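Asks: Fold the following and give me the result.
(3 chains)
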Amino acid sequence: MERIPILGMGKLLLVTIQVDMHDRLAMTLQDDLTSRISATRARGVLLDISSLEIVDSFIGRMISNIAAMARVLDAETVVVGMQPAVAITLVELGLSLPGVRTALNVERGMALLAALTGHADRDEEIADGTAIALSEGGDDRPAG
Amino acid sequence: MTVLRDETMPVRTAADVVLVRQAVRAWAVAQGLGLVDQTKIVTAASELARNTLDYGGGGTVRLEALQEGTRRGLRLTFEDRGPGIPDVALALTDGYTTGNGMGLGLSGSKRLVNEFDLWSEVGKGTRVTVTRWK
Amino acid sequence: MTDPYLSVQARGTTAALARVLDQHFDDVLADWLAAQANVGRGGASGAAELRRQGSEFMSLLRTAVASGASSADAPAFGPLRGFLDGMSRGRAQQGYSPSETATFVFALKGPVFARLSTDSSDTETLAGDVWGATQLLDSLGLYTTEVYQRGREEVIHRQQQDMLELSTPVVMLWDGVLALPMIGTLDSARTQVVMETLLQRIVETGADIAILDITGVPTVDTLTAQHLLKTVTAARLMGAECIISGIRPQIAQTIVHLGVDLGNVTTKASLADAFRLALQRTGRAVVRVGAASAGGGSAGALTSPGGQAPLPPARG
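Replies: Reported below is the predicted structural model:
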């Protein structure tokens, strides 16, 4: 059965959605992702939707669900590459995907995830008594 | 107003929904709709096709390419013989869903199109007609 | 006793018109062109063009009428209507008035009626023939006027579109910071254009922050606020945060009185304040460059972390 591939990169999981998803495929993805996050103790999920030309309420809910499930497993999700026409349509449809972080592209998304999850790692280091890293500009988000 | 082209497709399986999306996209492009308008009508079609499948027990969609004077449009009619919608007014309640809404997606679809018509009778079925003009 | 008017109407046919066009084509054409001489637009080329158009019109008319059709919306008149479409649009662009364009058709009546009366045997038949021809030519003349109208409406529509696009410029204030000064009322059509333009620029420039300045928006009611929020949400889905600036005191009052909820969007009174905040959020600070002795070769006033340690940025 076809599945959407999930790539592992360090503590991150990268998912690129390129096909016109039908419902079963979407459900399988949610299952696969939650299993992988659990198994690898991933801290971040990057969902690349730059190839998606249509995001309807079903897909929108899937994205929200993925972000929520990941958070319960202590992983942050960033959705990247939404096409302008899709963003405008989603907004008109009434879906704002609250609780889902977004970034313009994969590069930005990775930087955002690093900032989000980097703090958590730092806190663990401090607890271990290792060196304190210099703080960066931008928001300080609390871990978890 | 003239109907330049007219075709009816089944909406009975999840695979059909994908085919409907692709067909609506192709027809929208053929009618000269811009990218944002294309995206809106295809997304509305996806919503309504899902409704027909999930709540209507399956049905059909009729695609019509329209021409009125100099402007061109695309009309879609989704029809099923399902249980019907008991409270149409409630189903069409406008509200900004949070994305977790279990609504029928009708009010959202309505915002994506220029013309929207809904007929439903409990025990008989439902018919939704939407039109997007260029 | 039958009503003479009604019976004329009933007997109005275009058969006689067909005959006239067939037998007296060149004479009618010559007379017709002469009648339009004072409507012409320019010299020899104008006259030659007129002759060509007139000839084509009469040929198409002859063919259509010969088929037996007598109404201008009959399918047989398709090619003729098409010709009138093109001619009317062309004239509209050249600056002809709609009457001048309609005269093109109406002027044909004189030459035609002259031939009808010489050809016809009795007055009753003549009345029917004239009426038939009149009905047809009148509707064709009016058709050109309608085409003209539609053409003007298309121009107006296009200009409205241009105005919408021109009045929503997106300006890049700094790396990653866009500003959108909005002028005029924010209705749903405008909002669509704003969203499309803004999102396109976000993709092109990779901006993190967009400042929506509403100094030029006269009132902010619940609907306007919804449109603003839609724009903010759309930008957010593309990974960019928005700041709304240019909130005049009266607008602030209206917002509170109407209970408008702007969500968690940051708002600032002035564009300057919004810009300062945008710089802060993107990790930058504005530094006052010291006198000639201090600072030396340090670059401009704007530094980013990683460079020389800046003075503490101004709060707020």
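Asks: those helices in chain C, which residues are they?
Replies: C:4-11, C:15-23, C:25-35, C:43-66, C:78-94, C:98-106, C:109-119, C:123-166, C:188-205, C:222-237, C:249-258, C:271-281 (DSSP state H).
Asks: Quick one: closest of those to B:Leu4.
Replies: B:Leu4 sits nearest to helix C:78-94 of all the helices of chain C, at 16.4 Å, using CB to CB. Placement of C-beta: from N, CA and C, glycine included.
Asks: And that closest one, what does it pack against?
Replies: helix C:43-66, helix C:98-106, helix C:123-166 (3 or more CB pairs under 8 Å, 6 or more residues apart in numbering or on different chains; DSSP states H and E).
Asks: Send over that helix as CSV, restricted to the C-alpha atoms.
Replies: Taking Å, rounded to 0.1, in the frame of the first residue of the first chain, the C-alpha atoms of helix C:78-94 are listed here in CSV:
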residue,chain,number,x,y,z
GLY,C,78,-24.8,35.4,-36.9
PRO,C,79,-22.1,36.5,-39.3
LEU,C,80,-23.6,39.9,-39.7
ARG,C,81,-23.8,40.4,-36.0
GLY,C,82,-20.2,39.3,-35.7
PHE,C,83,-19.2,41.9,-38.2
LEU,C,84,-21.2,44.6,-36.4
ASP,C,85,-19.5,43.5,-33.1
GLY,C,86,-16.1,44.1,-34.6
MET,C,87,-17.0,47.3,-36.3
SER,C,88,-18.7,48.8,-33.3
ARG,C,89,-15.8,48.0,-31.0
GLY,C,90,-13.3,49.4,-33.5
ARG,C,91,-15.3,52.6,-33.8
ALA,C,92,-15.6,53.0,-30.1
GLN,C,93,-11.9,52.8,-29.8
GLN,C,94,-11.4,55.4,-32.5
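Asks: For chain B, give me the ranges with low pLDDT.
Replies: The model of chain B has pLDDT under 70 over residues B:94-104.
Asks: All the helices of it, residue numbers only.
Replies: Using DSSP H, helices in chain B cover B:14-30, B:35-54, B:88-91, B:106-112.
Asks: Need the winner for burial among those helices.
Replies: Most buried of the helices of chain B by mean neighbour count (mean count of other CB atoms under 10 Å in any protein chain shown) is helix B:35-54; its value is a mean of 25.
Asks: Tell me how far that one lies from the chain's centre.
Replies: Here helix B:35-54 is found 6 Å from its chain centre; the criterion is CA atoms, centre = their mean, to the nearest Å.
Asks: is that helix anywhere near chain C?
Replies: Yes - using CB under 8 Å from any CB of the partner chain, helix B:35-54 comes into contact with chain C via B:Val36.
Asks: same for that helix, what does it pack against?
Replies: Contacts defined by 3+ CB pairs under 8 Å, 6+ apart place helix B:35-54 against helix A:57-72, helix A:84-93, strand B:2-11, helix B:14-30, strand B:59-68, strand B:71-80, helix B:106-112, strand B:125-133.
Asks: how about those, which one is nearest B:Ala44?
Replies: Distance to B:Ala44, taken as CB to CB, is lowest for helix B:106-112 among those, at 4.3 Å.
Asks: Show me what that closest one is packed up against.
Replies: For helix B:106-112, the contact count by 3+ CB pairs under 8 Å, 6+ apart identifies helix A:84-93, helix B:35-54, strand B:115-121, strand B:125-133 as packing neighbours.
Asks: quick one, the second one and strand B:71-80 angle?
Replies: Relative orientation of helix B:35-54 with respect to strand B:71-80: 10 degrees, computed using axes from the mean of the first three to the mean of the last three CA atoms, to 10 degrees.
Asks: Would you check that B:Glu7 makes contact with B:Arg62?
Replies: Yes - between B:Glu7 and B:Arg62 there is a contact under CB atoms under 8 Å: 7.3 Å.
Asks: between those two, which one's more packed in?
Replies: B:Arg62 (15 against 11; other CB atoms under 10 Å in any protein chain shown).
Asks: Tell me who's in contact with that one.
Replies: Contacts for B:Arg62 (CB atoms under 8 Å, 6 or more residues apart in numbering or on different chains) come out as B:6-9, B:76-77, B:79.
Asks: Cool, thanks, signing off.
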